[in-house]
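1. Here's a sequence, model it:
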Amino acid sequence: MSTPARKPPSDDGRDGPLEEARAWGITSYLLAGLLTFGGIGLLLDRWLGTTWLVLVGLLVGVGLAFYLIWFRYGTR
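-> Residues are numbered from 1 along each chain as shown. The predicted structure follows:
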């Protein structure tokens, strides 16, 4: 009885440490977008005396983060 042939490890990033690195990359894109553009919105709110630019900054940050995630990881 022979042993089953082993499949060579793939290099597509869908298993093992590469998958974990991809998950951390996606998380960091989302956090960076929220913190950067939310912070810009907060600063503009304080400077202009408004109360709605934080929300706009957060939405823009999440939107850009999703775009970058799609561009970086979704084109394979």
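
2. just to confirm, which helix or strand has the nearest residue to Gly61 once chain neighbours are set aside in it?
-> Among residues not flanking Gly61 along the chain, Phe37 sits closest, at 3.2 Å (C-beta to C-beta, 6 or more residues apart in numbering). C-beta: built from backbone N, CA, C; applies to glycine. Using DSSP states H and E, Phe37 falls within helix 17-48.

3. Wait, Val62 touches Gly33, no?
-> Yes: assessed by C-beta atoms under 8 Å, Val62 is found in contact with Gly33 at 5.9 Å.

4. So these two - more neighbours on which side?
-> In this view Val62 and Gly33 are compared by other C-beta atoms under 10 Å, and Gly33 has more residues nearby, 23 against 16.

5. OK, contacts around the more buried one?
-> Gly33 makes contact with 61-65, 68, according to C-beta atoms under 8 Å, 6 or more residues apart in numbering.

6. one more time with 6 Å, if that's ok
-> Each residue near Gly33 by C-beta atoms under 6 Å, 6 or more residues apart in numbering is listed here: 61-62, 64-65.

7. between those, which is nearest Arg22?
-> Minimum distance to Arg22 across the contacts of Gly33 is 14.6 Å, recorded for Ala65 (C-beta to C-beta).

8. thought Asp45 was touching Leu53?
-> Yes: at 4.6 Å, Asp45 counts as touching Leu53 under the criterion of C-beta atoms under 6 Å.

9. quick one, which of these two is more surrounded?
-> Ranked by neighbour count (other C-beta under 10 Å), Asp45 and Leu53 place Leu53 first, with 20 against 17.

10. For that one, give its distance to Phe37.
-> Here the distance between Leu53 and Phe37 works out to 10 Å (C-beta to C-beta, to the nearest Å).

11. do Gly57 as well
-> From Gly57 to Phe37 the distance is 4 Å (C-beta to C-beta).

12. again with Val54
-> As judged by C-beta to C-beta, Val54 and Phe37 stand 9 Å apart.

13. Of the two, which one has the most company?
-> For Val54 versus Phe37, neighbours defined as other C-beta under 10 Å are more numerous around Phe37 (22 against 19).

14. do you know how far Gly39 is from Asp45?
-> Counting by C-beta to C-beta, the separation of Gly39 from Asp45 is 11 Å.
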